[in-house]
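Peer 1: Got a predicted structure here, sequence first:
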Amino acid sequence: MSSGSEIYSLCNKIFPICRSITGKGVYETFDILNDYLKNSGCPELSIHKIPSGTQVFDWTVPKEWTIRDAYIENEAGEHIIDFKDNPLHVLGYSTPVDEWVDLEELKKHIYVQDDMPDAIPYVTSYYKERYGFCMTKVMCDSLPEGKYHMYVDSELFDGNLAYGELIIPGESEKEVMITSYVCHPNMANNECSGPSLVCGLIKYVASLKKRKYTYRFYLGAETIGSIAYLSVNLEKLKKNVISAFVLSCVGDDRAYSIIESKYADTLADRVLTNVLEHRAPGYVRYSFLKRGSDERQFGSQGVELPVVGFCRSKYAEYPEYHTSKDDMTVVSEEGFEGAYGVMTEVIDILENNDKYIVNCLCEPQLGKRGLYPDISKKGSYDSIFAMRDLITYSDGRNDLLDISKRIGVPAAELIPIKNNLVEKELLRAADQK
Amino acid sequence: MSSGSEIYSLCNKIFPICRSITGKGVYETFDILNDYLKNSGCPELSIHKIPSGTQVFDWTVPKEWTIRDAYIENEAGEHIIDFKDNPLHVLGYSTPVDEWVDLEELKKHIYVQDDMPDAIPYVTSYYKERYGFCMTKVMCDSLPEGKYHMYVDSELFDGNLAYGELIIPGESEKEVMITSYVCHPNMANNECSGPSLVCGLIKYVASLKKRKYTYRFYLGAETIGSIAYLSVNLEKLKKNVISAFVLSCVGDDRAYSIIESKYADTLADRVLTNVLEHRAPGYVRYSFLKRGSDERQFGSQGVELPVVGFCRSKYAEYPEYHTSKDDMTVVSEEGFEGAYGVMTEVIDILENNDKYIVNCLCEPQLGKRGLYPDISKKGSYDSIFAMRDLITYSDGRNDLLDISKRIGVPAAELIPIKNNLVEKELLRAADQK
Amino acid sequence: MSSGSEIYSLCNKIFPICRSITGKGVYETFDILNDYLKNSGCPELSIHKIPSGTQVFDWTVPKEWTIRDAYIENEAGEHIIDFKDNPLHVLGYSTPVDEWVDLEELKKHIYVQDDMPDAIPYVTSYYKERYGFCMTKVMCDSLPEGKYHMYVDSELFDGNLAYGELIIPGESEKEVMITSYVCHPNMANNECSGPSLVCGLIKYVASLKKRKYTYRFYLGAETIGSIAYLSVNLEKLKKNVISAFVLSCVGDDRAYSIIESKYADTLADRVLTNVLEHRAPGYVRYSFLKRGSDERQFGSQGVELPVVGFCRSKYAEYPEYHTSKDDMTVVSEEGFEGAYGVMTEVIDILENNDKYIVNCLCEPQLGKRGLYPDISKKGSYDSIFAMRDLITYSDGRNDLLDISKRIGVPAAELIPIKNNLVEKELLRAADQK
């Protein structure tokens, strides 16, 4: 089975769950993800909890939310919408209600998507207590006058905010960090796709025979989760993380996108750009001004991790975003396969991205090592230009990404050439004798 | 009365005076300007004098020039031109003459504007003693053969070069310097407009409740005046001036122009560019190679003040320049209002252009301060992006102008947002605890 | 006689010789070049020898090659090709052979130029011992079945690799290095043109009354010669060479080309670019990725001399390249004259490329020195802008090339203006009191 179809299948399993920033949907999701990892012979995510009320920088961890039931009933006793049909029908973090009202009052508590009349919007109210329902605009507009029963059986209580973390060690304590988030209910691309791809990448990293870097994987609630995570781990992350990637909306097959870091100048920017330019020349660049997921916090003032966002179609930029239309038809095996290909290439390049130097002065005599045509004839050199150029720019000033950019050969294609030269003892990492 | 009409009216008062780089026209002009300042409740310009013959760097302060009368008389006893009709009729710094000559000889002493046959050109000869007259080409071409009486009753004598200076103190000894010049006779845009706008800006600066910077206003003779001023004040200016603006041709309503500093890299370049990009997107940029007014000296080798030129239509670039056509119809209340708006915004931004830092890590929770929508719904964030972006780039590396450029929001619009955040104690200047 | 026709004539003299990277053709060539220098009253190139088998960095100096005779004979006793007709008919460094074979076997040893059927290609095999012949594709395709006599009377033996070197001292031990190569047999543009132009430039440099810099001229075998030369002189070259120029294909009249240095940032890049932009606005820029001559070694990792390549039509980019078509009709007096003009201007600018500072603050009073119009009238200044701009940017930060680029006036045109100002004691080199 291809990695794409494996990740698609995992995405499909966590899709139906009603998640929020807290609550049992989060735990159910982690259970499914860890089952996958366990069955793949990988280490699992460890689950950490932070109690409600904990101060995390400028924020406070909110109460935990449980929802058991929710519907709107008409006078005929019919549930015109029911949470059991689609968790999106209830406002995220809705407080309980059990009240008969007339249509006018009911509509004060209904949210619709004006520009997409047949979609149920995804709406939340984490930090102000209110109750509410979401439905299609078509349905809302067609409701007859009459009495309606608003019913939400939910609870806000002192509980926990949970996140999952897995660290796979490498030779160095320097870290590559890969994250996504698990706070969205049943929507496929945003955001069952991210956690699913993270698990696929855990499997890939765990399978590497040799790792230069340590890999940190994190899944939690968007915004409040990453703030809480940073409040616990900030110093360590600032010290060790050399590149961080926030994965979001990585399952569709329509585009490739990068959200640049704050100053668009980090190793993470360079490596993801190199891969995208090569694999997806029509990819879309968004500046940090277009940030919206956890790169907001990881890249915020004072935190300043070297973080970029990676998406297929970027959140807020595709039509189904944050509605019931973002279902399993939006994502595909091909979509995941593409995203997986990009991120595994990113990892490969990071693992090989040293500054190199040549073990002799002037051009090495490639011919005596069988690396150069032994007859000099017009037009006989083209194939060895990448090798020659890699050699000449391996002067200790440039890492593999610098050289790739300068000579116009994708970094991924330089890796085997570099390995060949290292093996023939013509090249060594600049920090080695 | 609007600032534009007030400045226009002041310009109109100094317009008729016959000024030169020295002489009583300069003093009459300062008197009018100081009357305006006094009537506005402002401090006045103090007048300084440097004697003829004083060595100022590579130059020598020239003799003072007085002119009492000048005309060309024909055989019929008619004054075909007369200095009393228009001071431009006499060559600036003309030596005395009282002689009847034939037409051929007369024409050796007449200057016309070939490309504008009905305009009297503005011509001077400060550093070589000669006499001469200016008239329209039309008149010159129509002069009949005959005898003509060349008459100039003028005098060159050891006197003084005068300049006006006003310093309005602020919290810091660091200075913003604003200058123009008062050596041109009766031409409106170049250059009754500059001194008039300077007085309008003195009134604005004096009215500010709080000034971070000290403001230095200077008016003198172009070139020799600024050289003399520098020779007296160089060390002080080099130590304190953070931005300098030479105002010239600021009364017409056709264009907005900047003359960049020598390396186009000073705070003065940045702030004026920011304002012009916002208020006048079609503004014209001239490199320092196109300099022609006192930015020549203020930005010269070894002096290197952070100086830019600001014009509406730049000198030497509009048709009426340096002719009798540059009269009060070239300038307008609207023209002055626009220039005044630019320069007061420049001042406002400079006063607010600190580097700021946020008082917490990660994004502050704006919601609990009423700065963020309390319900999360697709499309609900647009209005707070400027605030969020100002916050994230307030990491101590960027001043307000840097942030403005980076996030694409005019600096002037960031000031109230910044003030709001400072008031809510989320933001502070980076040099404060 | 113009320099162009003199150099053309020298090129014509060395054209017929059968050269290779070693062997007597090289010595014959040096003899002709030194005759020219001697007859021009110049110092001559001294000839240095490095024995076969010497290790030079990663390479070994090859055996010396002598060829006495070579042909292919058919059954009728006719020499269908003969080395005496054209040295290109034999594979460079061919080992001896004396054997009758059938057509099929013969063709295994024949090289043709597929894309140019009527040209004899230039083919060599320096580092793998083999024998072979070159002919036109037309001839090869028309050979009838039958027996053929392959005959090469050559020898590979322990001998020497020779190079020529001339150092013309200047006031400073800092050096300008100018090189070309003498290893190609009878082809005109590539590469009888380079050594011929080098000799023309030796004559020019020797004629200078005053030289700030020392000039180093080098001619040897491409690749192995420059590696050997570097192995002997590396430390000295790295210490002293401020700009190096590899001349190749400098005799045709179709284009002007620069091959940039490794990072396109050296003084050599700057000066050659300045000259080409001025003299040949349509010139072609090639990045270091397109290197192919000795700039490969001079600019290689660890060596890193500030070296650019200069060509008229670049090697490998014109149709006759590396074939018998590259004959004396490809080059011309005009072609050489143009190349000579570029390189002598390069030398002139280097000799004058100091950072300058002005001996006073503010603008000097040019008028009192007769350098400025003494009457101020609209439009009277244009001609002195270059002087004024040269002065203001002579603040100790910019050399002549910086100023040229900034003010848009060719460096060559700034030299006399600069000299005039130095003579009038307004300007001095920044490193002088």
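Peer 2: Now that the structure is in, tell me what you want to look at. Residues are numbered from 1 along each chain as shown, chains lettered A, B, ... in the order given.
Peer 1: For chain A, which residues are neighbours of chain B?
Peer 2: Counting by Cβ under 8 Å from any Cβ of the partner chain, the residues of chain A lying close to chain B are A:57-59, A:92, A:111, A:113, A:121-128, A:130, A:223, A:226-227, A:230-231, A:234, A:262, A:288-289, A:296-297, A:299-304, A:316, A:321-323. To be clear about C-beta, it is placed using only N, CA and C from the backbone, and glycine gets the same treatment.
Peer 1: Just those residues: which are in strands?
Peer 2: Residues of these located in strands (DSSP state E): A:Trp59, A:Tyr111.
Peer 1: Nearest to chain C: which residue in the stretch 51-200 of chain A?
Peer 2: As assessed by Cβ to the nearest Cβ, chain C sits closest to A:Ser172 within the stretch 51-200 of chain A, at 25.9 Å.
Peer 1: so that residue touches A:Val241, yeah?
Peer 2: No: counting by Cβ atoms under 8 Å, A:Ser172 stays clear of A:Val241, with 11.8 Å between them.
Peer 1: So these two - more neighbours on which side?
Peer 2: The residue with more neighbours, out of A:Ser172 and A:Val241, is A:Val241; 21 against 12, by other Cβ atoms under 10 Å in any protein chain shown.
Peer 1: quick revisit: so how do I select the buried members of the residues of chain A next to chain B in PyMOL?
Peer 2: Typed into PyMOL, the next command selects the buried ones out of the residues of chain A next to chain B (criterion: 16 or more other Cβ atoms under 10 Å in any protein chain shown):
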select buried, chain A and resi 57+58+59+92+111+113+121+122+123+124+125+126+127+223+226+227+230+231+234+262+288+289+296+297+299+300+301+302+303+304+316+321+322+323
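Peer 1: and the residues of chain A next to chain B, which of them are in helices?
Peer 2: With helices taken from DSSP state H, the overlap with the residues of chain A next to chain B comprises A:Ser226, A:Ile227, A:Leu230, A:Ser231, A:Leu234, A:Arg296, A:Gln297.
Peer 1: Report the contact partners of the second one.
Peer 2: Read it as A:Ile227. When contacts are counted by Cβ atoms under 8 Å, 6 or more residues apart in numbering or on different chains, A:Ile227 touches A:Val56, A:Phe57, A:Trp59, A:Gln297, B:Cys362, B:Glu363.
Peer 1: Take these and lay them out in JSON lines including pLDDT.
Peer 2: Formatted as JSON lines, the contacts of A:Ile227 follow (pLDDT from 0 to 100):
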{"residue": "A:Val56", "pLDDT": "97"}
{"residue": "A:Phe57", "pLDDT": "97"}
{"residue": "A:Trp59", "pLDDT": "96"}
{"residue": "A:Gln297", "pLDDT": "97"}
{"residue": "B:Cys362", "pLDDT": "94"}
{"residue": "B:Glu363", "pLDDT": "94"}
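Peer 1: Contact partners for A:Asn189?
Peer 2: Shown in contact with A:Asn189 (Cβ under 8 Å, 6+ apart): A:Cys249, A:Val250, A:Gly251, A:Asp252, A:Arg312, A:Ser313, A:Tyr318, A:Glu320, A:Tyr321, A:Asp326, A:Val330, A:Val331.
Peer 1: So which of those residues is the closest to A:Glu277?
Peer 2: A:Arg312 (16.2 Å; Cβ to Cβ).
Peer 1: Tell me the spacing between the closest residue in space to that closest one that isn't next to it in sequence and chain C.
Peer 2: Spatially, and ignoring its direct neighbours in sequence, A:Arg312 is nearest to A:Asp252 (4.9 Å; Cβ to Cβ, 6 or more residues apart in numbering or on different chains). Relative to chain C, A:Asp252 is positioned 37 Å away (criterion: Cβ to the nearest Cβ, to the nearest Å).
Peer 1: And the pLDDT at A:Asp252?
Peer 2: In the predicted model, A:Asp252 carries a pLDDT score of 97.
Peer 1: ok so it is a helix residue?
Peer 2: No: going by DSSP: H, G, I helix; E, B strand; the rest coil, the assignment for A:Asp252 is coil, not a helix.
Peer 1: Over to the closest residue to chain C within the stretch 101-250 of chain A. Which of the three states is it?
Peer 2: In the stretch 101-250 of chain A, the residue found nearest to chain C is A:Lys212; the distance is 23.4 Å by Cβ to the nearest Cβ. Of the three states, A:Lys212 takes coil under three-state DSSP.
Peer 1: Enumerate every residue touching it.
Peer 2: Residues touching A:Lys212, when contacts are defined by Cβ under 8 Å, 6+ apart, comprise A:Gly170, A:Glu171, A:Ser172, A:Leu350, A:Glu351.
Peer 1: what about the third one, distance to A:Asn353?
Peer 2: Spelled out, that is A:Ser172. 12 Å (Cβ to Cβ, to the nearest Å).
Peer 1: What of A:Arg130?
Peer 2: Taking Cβ to Cβ, one finds A:Arg130 at 49 Å from A:Asn353.
Peer 1: what's the answer for A:Asp265, then?
Peer 2: Relative to A:Asn353, A:Asp265 is positioned 16 Å away (Cβ to Cβ).
Peer 1: before we move on, what about A:Ser261?
Peer 2: Applying Cβ to Cβ, the value for A:Ser261 to A:Asn353 is 17 Å.
Peer 1: contacts for the helix or strand hosting A:Ala412?
Peer 2: Using DSSP states H and E, A:Ala412 sits in helix A:411-423. For helix A:411-423, the surrounding residues in contact (Cβ under 8 Å, 6+ apart) are A:271, A:274-275, A:278, A:345, A:348-349, A:352-353, A:356, A:371, A:386-387, A:390-391, A:400-401, A:403-404, A:427-428.
Peer 1: Just want the residue of the stretch 101-250 of chain A that's nearest chain B.
Peer 2: A:Lys128 (4.0 Å).
Peer 1: Need the pLDDT of that residue.
Peer 2: pLDDT, A:Lys128: 89.
Peer 1: Out of the contacts of helix A:411-423, list just those in strands.
Peer 2: Here DSSP E is the test, and the contacts of helix A:411-423 give A:Tyr356, A:Leu427, A:Arg428 as lying in strands.
Peer 1: Which one of those is nearest to chain B?
Peer 2: Closest approach between the ones in strands among the contacts of helix A:411-423 and chain B, by Cβ to the nearest Cβ: A:Tyr356, at 32.0 Å.
Peer 1: Sounds good, over and out.
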